[in-house]
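Visitor: predicted model follows, preceded by the sequence.
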Amino acid sequence: MKNYISGILLAFICFITPIYAQDTTAPSLTVNHLPYSPVHAAKLINDMLYLSGEDLAQMTYGTYEASTSGEILHIQNHSILYTSDTYAIKVDGIKKQLTHPTKTIDQTLYLPVSVLELIHYPYTLSSEQKSLDITTLLPYSTATDQPASHTLFPTSYKQFDEALSPAASQEVYSTLISQAQSHNQYMSSMNTTYKTNCLAEIDEMIRSPLHSNLKTIVHFRQLDCHSGVPILSSFTTLPITYKVQESQLKLTIGTTPVKSPLFWATYNLSQTDPISIDLNKSLDAMIMRSIYEYYRDLYDLKDDLHTSPITNIKMGRSDQISYLVYLDDATLQTQYELVIYRMTSAHTVQYYVDLKAI
């Protein structure tokens, strides 16, 4: 009788146990070839790597939201609507089939990582599905930069060499000019000659209804640097406000005041007659530089090995500025690329700050 009851209990346990096999070994996740610590632990189920929607968003500069009809991921201008325990999802409103069903585990809804293939987002997955690397794509701006609409401040410079020569040697700025022209980049350098007049015009621009109605946000990638190798995790999001005051740009990032006493005059190298300072991009450069300095100091990152008074702003779907940094207390001074992206939509400017292994 005892054996009979034990048999019934064993059969009952087998019946209520989930039919999928879950590997308890924690999969390895990296973003930009640096370790990533997920919001929700990644799962290996039936030989497929599963991630939460929140983590997929954090790893790809996407957004995640829960609704009454399911959960929604927005990645690279694609929307993914999904519910639990189903192969069927919607990508941009079109029905698609997953290779493996969605799963709810510990009240968290998970997607198979293969969902990224449906939006053509590249990733690298080891053969045993236990190691994932995502090299992030450029954040997708729905509103692109329009240089023709920018406010220009004419200068007396006859060549760009004159504008940049006080900031660097001829060898340095000649190389940077050539690089900027061949890659369609803006070039920014510290300038005192036109600082007062340019800041006065920038102040008027900031106060205009078109500009003042823009919402400005920054997303900072959280770091854990105690191990000597930066471990990435989710983003912290803070509002940004700014104004021109006392001959400088003053920002408030969250609740922290940040001063930007230097004027970063920015030039579009296709504007040659006359050579003019692009005030819109100069404002962008000062904001991005201030964000960089705030983040650098927040995590005690060092940049003294590659300081430069000239910065190139890469134009693309989203603009970007990058700096080389390292950890001061690391055994080896491995350098990393700290990148600030400017992502725009009709009514919002969003900045993303991320770290990459070189």
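Guide: The structure has been received and is ready for your questions.

Visitor: max-length strand in the protein?
Guide: strand 231-245 (DSSP state E).

Visitor: what's the following helix or strand past that one packed up against?
Guide: Sequence order places strand 248-253 as the next helix or strand after strand 231-245, per DSSP states H and E. Contacts defined by 3 or more C-beta pairs under 8 Å, 6 or more residues apart in numbering; DSSP states H and E place strand 248-253 against helix 195-207, strand 231-245, strand 256-260, helix 279-298. C-beta here means a position set from N, CA and C on the backbone, and glycine is covered the same way.

Visitor: among these, which is the most enclosed?
Guide: Here the criterion is mean neighbour count by mean count of other C-beta atoms under 10 Å, and of these the winner is helix 279-298, at a mean of 21.

Visitor: run the chain-centre distance for the very next helix or strand once past it.
Guide: Beyond helix 279-298 in the direction of the C-terminus, DSSP H and E gives the next helix or strand as strand 301-302. The chain centre lies 19 Å from the centre of strand 301-302; the measure is C-alpha atoms, centre = their mean, to the nearest Å.

Visitor: and the contacts of the helix or strand that strand 301-302 is followed by?
Guide: Going down the chain from strand 301-302, the next helix or strand is strand 310-314, by DSSP H and E. Where contact means C-beta atoms under 8 Å, 6 or more residues apart in numbering, the residues beyond strand 310-314 that reach it are 164, 167-168, 172-173, 176, 179-180, 183, 185-189, 264, 266, 281, 284-285, 288-289, 319-322.

Visitor: and Asp273, how many neighbours does it have?
Guide: Asp273 has 6 neighbours, counted by other C-beta atoms under 10 Å.

Visitor: for it, give its distance to Tyr173.
Guide: In this view, Asp273 and Tyr173 are 20 Å apart by C-beta to C-beta, to the nearest Å.

Visitor: then Tyr50?
Guide: Relative to Tyr173, Tyr50 is positioned 51 Å away (C-beta to C-beta).

Visitor: ok, now Ala200?
Guide: 27 Å.

Visitor: do Asp92 as well
Guide: Separation of Asp92 from Tyr173 (C-beta to C-beta): 45 Å.

Visitor: cool, and Leu223?
Guide: 33 Å.

Visitor: with neighbour numbers in mind, choose between those two.
Guide: Relative neighbour count places Tyr173 above the other of Leu223 and Tyr173, with 23 against 19, counting by other C-beta under 10 Å.

Visitor: and the more buried one, that's in a helix?
Guide: Yes - checked against DSSP: H, G, I helix; E, B strand; the rest coil, Tyr173 lies within a helix.

Visitor: and the residue nearest to it when sequence neighbours are not counted, what is it in contact with?
Guide: Nearest residue to Tyr173, sequence neighbours excluded (C-beta to C-beta, 6 or more residues apart in numbering): Leu164, at 4.1 Å. Residues counted as contacts of Leu164 (C-beta under 8 Å, 6+ apart) are 173, 176-177, 187, 189, 310.

Visitor: setting aside sequence neighbours, what's the nearest residue to Ser276?
Guide: The spatial neighbour of Ser276 that comes closest, neighbours along the chain excluded (C-beta to C-beta, 6+ apart), is Leu152 at 3.9 Å.

Visitor: wait, that neighbour touches Lys281, no?
Guide: No - Leu152 lies out of contact with Lys281 (C-beta atoms under 8 Å); the separation is 10.0 Å.

Visitor: returning to what we had before: the inter-axis angle of the longest strand of the chain versus helix 195-207?
Guide: Interaxial angle of strand 231-245 relative to helix 195-207 (axes from the mean of the first three to the mean of the last three C-alpha atoms, to 10 degrees): 100 degrees.

Visitor: just checking, what packs against strand 231-245?
Guide: strand 34-35, helix 53-60, helix 195-207, strand 215-224, strand 248-253, helix 279-298, strand 348-357.
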